[in-house]
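[1] with the input below, show me the fold.
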Amino acid sequence: MSFQSEIVNWYLNHKRDLPWRGTTDAYIIWLSEVILQQTRVDQGLPYFNNFLQNYPTVLDFASASETQVLKLWQGLGYYSRGRNMLFTARQVRDLHGGVFPVRYDQLIKLKGIGEYTAAAIASFSSNESKAVLDGNVFRVLSRYFGIESPINSSAGKKQFADLAQSLISGQQPSVYNQAIMEFGALQCKPKSPNCGICPVQDSCFAQKHHLVGTLPVKLNKLKKRTRYFNYFLCMEGDNILVKKRSPGDIWQELYDFPLIETDRPFLEDPEKFAPLLQESFGAACKVRTLSHQKHLLTHQTIYVQFFGLDNYIINFNQNAEIKWVSLPEFDELPQPKVITNFVCKHFIT
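    Sure, this is the predicted structure:
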C-alpha cells in the first residue's frame, strides 16, 4: 500500500469522534480550526461548544461585542486571534452575505485565516485539493521522508508545501488531510511515539536511521523577554478596582488590576520602587504581600506578584479606564488567566 493509503486506512480505524467531523459547514469547521490552533482537543472542546452554543451561525457571531468574544476566549491566550475571529465573522457578513466561503482563494483573503486554515476549511467543506500543513503534518512528513530542512525556514516551508501538495493528488482531500493530521496527533507524536505499531514503520526514514527524536528540525529564533508585574489589590467594601489594558501590549482590552511594572522583583529593592508606589497610591499606603506566580507565554516569562493595599489613595491616570466593580461584575469581564486564577483562589470558595 502507498503511504497515503496506509495513513487513510489507519485513520478510518483510529479516528476520534469529534463534533466538527462529518460536517461540511465552513463556519463550524472554521470555529474548530481557530480554537484548535490554540490548544489540545480535550482542552479546546469546551471552548468550541461554548462558542457554537452562543453563536450558532456566523451572523450570530458577527453581532457579538468584542467583550463577549474575549470573555468566551478567556484562557486560550493569543487574544488577538479572538479579536480576529470577530473581524472575520463581520467580513463574512458584509462581503459574503453571511455565507461562509468554502474556496481557498476566498478564504485566504479573510482576516486571521492563513494558508493552513484556508486549506483545512476548503478541503473539509468543499473537498478542494489543498494540502494542509500544521505541526502534526510537518512532523509526519519530516520523519517519514527524512527531510532535514528546518520547518520554519523559507526553503523548508516550500519543500514541505510542494511535497504535501503532491501527496494529496488523487486522494479525497477531506479524508486525507484529516487522516495525516490525526496520524501526527495520535500516532507520530512529538515525544515517545509508539513506532512498534506504526503502519508505515518499515518505510519510515527516521525509524530506519534512528532519527525519530531528531526530526523535524526547527530553527531556534525565539528570544524570551522577562518581565515583572506587580498588581495592587484595592478593595472598597465588596467592590474591587480594575483596569482595562491598553492596546500595544499583551492582553489588550482585557481587565486586570492596577499594575506597576518593574525591571526586577518589587521586593528585591523596595527603596528604589517606593516612589512608584507612592506616586500611584499616596505616601501613606501600606503594602501586604498576597501571592506570587510565574506565568509563561510564548515570547515572555512574567513574574507576577499580588499585593494588598491599606490606607491608599488613587492617583492613576483616569485615561487608563480604571473603575470599581463588584466581583460578579468582574466575572463578566474578560481577564488574563493569571488574574482569573488569583480571583478564584482568594475570593471564590
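[2] which parts of the stretch 201-349 of the chain are strands?
    225-233, 235-236, 239-244, 255-256, 259-262, 286-296, 300-310, 322-326 (DSSP state E, counting those that start in this stretch).
[3] pipe those strands into a markdown table and attach distance to Ala89 and mean neighbour count per row.
    All C-beta atoms are positioned from the backbone trio N, CA, C, and that covers glycine. A markdown table is the format used below for the strands of the stretch 201-349 of the chain (distance: least, CB to CB, whole Å; neighbours: other CB atoms under 10 Å):
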| stretch | distance to Ala89 | mean neighbour count |
| --- | --- | --- |
| strand 225-233 | 32 | 17 |
| strand 235-236 | 38 | 11 |
| strand 239-244 | 23 | 18 |
| strand 255-256 | 23 | 21 |
| strand 259-262 | 31 | 16 |
| strand 286-296 | 30 | 13 |
| strand 300-310 | 29 | 18 |
| strand 322-326 | 28 | 15 |
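[4] ok, which of those strands comes nearest Pro190?
    Nearest to Pro190, of all those, is strand 286-296, at 17.9 Å by CB to CB.
[5] that closest one pairs with which strands, and in what direction?
    Strands that pair with strand 286-296, judged by DSSP bridges, come out as strand 300-310 (antiparallel).
[6] can you list the neighbours in contact with the strand it pairs with?
    224-235, 250, 257, 265-267, 281, 285-296, 338, 342 (CB atoms under 8 Å, 6 or more residues apart in numbering).
[7] following the longest helix anywhere in the chain, which helix or strand comes up?
    In the chain, assigned by DSSP state H, the helix with the most residues is helix 79-95. Sequence order places helix 104-107 as the next helix or strand after helix 79-95, per DSSP states H and E.
[8] could you dump the helix or strand following that next one to PDB, C-alpha only?
    Using DSSP H and E, the helix or strand that follows helix 104-107 towards the C-terminus is helix 115-126. What follows is helix 115-126, C-alpha atoms only, in PDB (Å, rounded to 0.1, in the frame of the first residue of the first chain):
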ATOM      1  CA  GLU A 115      -2.600  29.100   4.500                       C
ATOM      2  CA  TYR A 116      -3.200  26.200   6.800                       C
ATOM      3  CA  THR A 117      -6.700  27.300   8.000                       C
ATOM      4  CA  ALA A 118      -7.800  28.200   4.400                       C
ATOM      5  CA  ALA A 119      -6.600  24.800   3.200                       C
ATOM      6  CA  ALA A 120      -8.400  23.000   6.000                       C
ATOM      7  CA  ILE A 121     -11.700  24.700   5.600                       C
ATOM      8  CA  ALA A 122     -11.600  24.400   1.800                       C
ATOM      9  CA  SER A 123     -10.800  20.700   1.800                       C
ATOM     10  CA  PHE A 124     -13.200  19.800   4.600                       C
ATOM     11  CA  SER A 125     -16.100  21.800   3.400                       C
ATOM     12  CA  SER A 126     -15.800  21.600  -0.400                       C
END
